[in-house]
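> Build me a structure from this.
(chains A and B)
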Amino acid sequence: MNSFLIKNIGDRSISVYFENIISPEINLNIHEIVERINKDKQSWLVDVVPTYNSFSVVFDINLIQSQEVRNYISEVLISKKFQELVNENQTIINIPVKYGGEEGPDLEDVANYCNLSSDEIVKIHSSTLYLVYMTGFSPGFPYLGELDKRIHCPRLKKPRTRVFSGSVGLAGSQTGIYSIDSPGGWRIIGKTPMKLFDLKKKNPFPVIPGMKVKFFSVDLKEYKNLEKQIIEENFLGFEINNVK
Amino acid sequence: MSNKCFQVLDGGFLTTIQDLGRFGYASRGVSKSGPSDLNSFKVANFLLQNDLNSLALEISYGLAKFLVLRPITISITGANLNPLLNGNKIPMWRTLNLKKNDVLSFGSSNIGFRSYVGVSGGIDVPLVLGSGSTHLASGIGGFLGKSLKKDDLISSYPVTEKKKMLMYLGEKNEGSKNITLRVIPGPQEDHFSSDVVDTFYSETFKSTEKLDRIGIALDGTEIPTKTGNHDIISDFTPEGSIQVPGNGKPLILLSDCQTTGGYPKIGVVASIDLPKLGQIGTKDSIKFEKITIEEAEKLYRISNGGISENDISEIVIKEYSIDIIDSKYDVKLYKNSEETFEDFSVTVNGEYIEIEEVIDYFH
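Numbering: from 1, shown residues only, chains lettered A, B, ... in the order given. Sure thing, here's the model as predicted:
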């Protein structure tokens, strides 16, 4: 965690790369640094974007030049004490998922590929506590890990032209939730009625990098009920636990 | 009073509404969007004395057609997609007054790709996450998150004060069949051998038909990585990123690109040349020139962000009133260029007319 490389990505962003692996320890530290930079509110700051093992600082080229941003980032990194694991007082978001059927058209294929039953896939998928490593691909799409090795499976050979928002997918060692209707190649094992990108809400992004996510299985009736509540009331459709 | 200014008669190939872009949400997976050719977009607003962040139309490839619903002042910049007013050629890079029931239409061109239509006061659409820019893939911003379609009604903010009629004399980003892009080495340049990197900077690539507001796929010599593996742990992908996916064919990302990507970036186009990306059409020849970050910053500083007050001049309008057999004609002469008086346009009773021959009676 103490070794990193600072690189330019063009002339208006600078990235800091840590060890070239996907690890919760590295990622959690990245979120802490990102939060620190965001709180600092430098006038030239446009965005700080956390990804798996790097983060990028986007700056206004009209206000500052890259060398000064580099110096700033170095100072932030030097002042940070890298911790083994930042795991205190964190939020867990429990997300309801209707697995299989129309909502999860690839569940059986995934089960066959993994030599497990559909029930076992659901049990394994919904018993892991996931870290939101980053959001990307589309607004609010969370990349979650780590996925249990027993249910790793490749992407679809031919991506779907339309995957419905709320679809829960698997791809390699990753799992994620489609936040809007979009094309996509992940294998869809279920669907949540929860909206991960909702402009009608004061906070359009309920799930953000650094949070923890757990899925729980609901049947079709519960799914429909939740869906109705989400549409009719100002209800997010998931539970938040604050765990000490 | 209704602020509707355009009824879309034809959305053309692809027409969207853009402002400077949606900033500050990349960490949430929201693309920046904004104009593909920032300089032409800025000039369009600058000419109209609008706020530079005002919403304007971005017309890709052309073929769009609009009915004017109330008197407005516009400016057309970018690629010359052969704009017509009521069927007559009209000049670009200057302000134009349109009347109610005028029809503004665009042809197309194989040089350059996008025109911008600025509207005095700016187009009025609801802001989404602080911006009116259309992001088609997310279905947000602009006109209901979509490209413009027949019968869409576009509104603009009313303008009460009288504004100057201006023309632009600076460097015009109109597109070209031969484009050189200055590139800063990317964070994964070391995934490629030095021979392959040299090839990348010496070969000429061709833009393909896989081209939209998200990216431009290139054809040409393959650019393989050292290991043959073209997957990386996804990282940030700004506008201008040149990714090389598994087929070894470079892919340049434009303003609607996703915020993260999983292909190695051999380089990133310098800010000075980002506007050129918006004017790349199909089958253009593209070469890359490697520059340092310091050179990129210097070039951008000198360019003053692409626009300066000195590039703008007031249009001298000569007005005549001619009586021919009991009919009165109002004739107006507009200068189209500062240097020569041969390039001008003429309106008769407000209609632009085609000029067949210029006879120099003025000296």
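> Just give me the neighbour total for the residue nearest to B:F46 when sequence neighbours are not counted.
Among residues not flanking B:F46 along the chain, B:I307 sits closest, at 5.8 Å (Cβ to Cβ, 6 or more residues apart in numbering or on different chains). For glycine as for every other residue, the C-beta is placed from the backbone atoms N, C-alpha and C. Look at B:I307: counted by other Cβ atoms under 10 Å in any protein chain shown, it has 19 neighbours.
> B:I307 reaches B:A44, doesn't it?
No: in terms of Cβ atoms under 8 Å, B:I307 does not count as a neighbour of B:A44; the distance is 10.6 Å.
> Domain ranges for chain B, per the record?
B:4-168, B:178-303, B:315-354 (automatic domain parsing).
> which residues touch the residue in the stretch 51-200 of chain B positioned nearest to chain A?
Nearest residue of the stretch 51-200 of chain B to chain A: B:P187, at 4.3 Å (Cβ to the nearest Cβ). With contact taken as Cβ atoms under 8 Å, 6 or more residues apart in numbering or on different chains, B:P187 is in contact with A:7-9, A:15, A:17, B:235, B:265.
> For B:S255, give its distance to A:V218.
40 Å (Cβ to Cβ, to the nearest Å).
> try B:S321
On the measure of Cβ to Cβ, B:S321 and A:V218 end up 78 Å apart.
> what does B:L67 give?
With distances taken as Cβ to Cβ, B:L67 is found 51 Å from A:V218.
> and what of A:V58?
According to Cβ to Cβ, A:V58 and A:V218 sit 39 Å apart.
> Same drill for the two, tell me which one is more crowded.
A:V58 (26 against 19).
> And stretch B:212-230, what's buried?
Residues B:213-218, B:220-221, B:223-225, B:230 are the ones in stretch B:212-230 that count as buried (16 or more other Cβ atoms under 10 Å in any protein chain shown).
> what is the mean pLDDT for that stretch?
Averaged over stretch B:212-230, pLDDT sits at 94.
> Kindly report the same for stretch A:146-157.
What stretch A:146-157 shows for mean pLDDT is 91.
> Out of the domains of chain B, which is closest to A:K228?
Of all the domains of chain B, domain B:4-168 sits nearest to A:K228, with 23.1 Å by Cβ to Cβ.
> Could you check how far that closest one is from the centre of its chain?
How far domain B:4-168 lies from its chain's middle: 9 Å, per Cα atoms, centre = their mean, to the nearest Å.
> first to last residue in that domain, what's the distance?
In domain B:4-168, first residue to last residue: 27 Å (Cα to Cα, to the nearest Å).
> With stretch B:265-280 instead?
First-to-last residue span, stretch B:265-280, Cα to Cα: 20 Å.
> hmm, that stretch in reach of chain A?
Yes: contact between stretch B:265-280 and chain A, assessed by Cβ under 8 Å from any Cβ of the partner chain, occurs at B:265, B:268-271.
> Now, of these, which are buried?
For the residues of stretch B:265-280 next to chain A, a neighbour count by 16+ other Cβ under 10 Å gives the buried set as B:265, B:268-271.
> now the residues you listed in CSV, with secondary structure and distance to B:T180?
Converted to CSV, these look like this (DSSP: H, G, I helix; E, B strand; the rest coil; distance: Cβ to Cβ, whole Å):
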residue, secondary structure, distance to B:T180
B:K265, strand, 19
B:V268, strand, 15
B:V269, strand, 11
B:A270, coil, 11
B:S271, helix, 15
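> Flag the shaky bits of chain A, pLDDT-wise.
A:1-2, A:81-89, A:234-244 (pLDDT under 70).
> Revised request: answer the last question for chain B.
B:1, B:316-319, B:336-343, B:355-363.
> Tell me the residues on it that lie near chain A, please.
Residues of chain B lying near chain A (Cβ under 8 Å from any Cβ): B:23-30, B:128-129, B:137-140, B:184-187, B:233-236, B:238, B:240-241, B:258-260, B:265, B:268-271, B:293, B:296-297, B:300, B:305.
> Give the buried subset of those as a ChimeraX selection command.
Selection command for ChimeraX covering only the buried members of the residues of chain B next to chain A, criterion 16+ other Cβ under 10 Å:
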select /B:23,24,25,26,27,28,29,30,128,129,137,138,139,140,184,185,186,187,234,235,236,238,240,241,258,259,260,265,268,269,270,271,293,296,297,300
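> Return the subset of the residues of chain B next to chain A lying in helices.
Of the residues of chain B next to chain A, the ones assigned to helices by DSSP state H are B:293, B:296-297, B:300.
> Sort out which residues of the helix or strand containing B:T95 are buried, please.
In this structure, B:T95 sits in strand B:95-98 according to DSSP states H and E. Residues B:95-96, B:98 are the ones in strand B:95-98 that count as buried (16+ other Cβ under 10 Å).
> ditto for stretch A:211-229
Within stretch A:211-229, the residues scored as buried using 16+ other Cβ under 10 Å are A:211-215, A:217-218, A:223, A:226-227.
> Mind checking which of these land in strands?
A:212-215, A:217 (DSSP state E).
> Wait, a helix at A:I121?
Yes: when DSSP: H, G, I helix; E, B strand; the rest coil is applied, A:I121 is found to be in a helix.
> That one: neighbouring residues, count only.
26.
> dump the residue contacts of it.
When contacts are counted by Cβ under 8 Å, 6+ apart, A:I121 touches A:99, A:107, A:110-111, A:114, A:151, A:189.
> contacting residues for A:Y130?
A:Y130 touches A:144-147, A:175, A:212-214, counting by Cβ under 8 Å, 6+ apart.
> rerun at 7 Å
A:Y130 makes contacts with A:144-145, A:175, A:212-213, as judged by Cβ atoms under 7 Å, 6 or more residues apart in numbering or on different chains.
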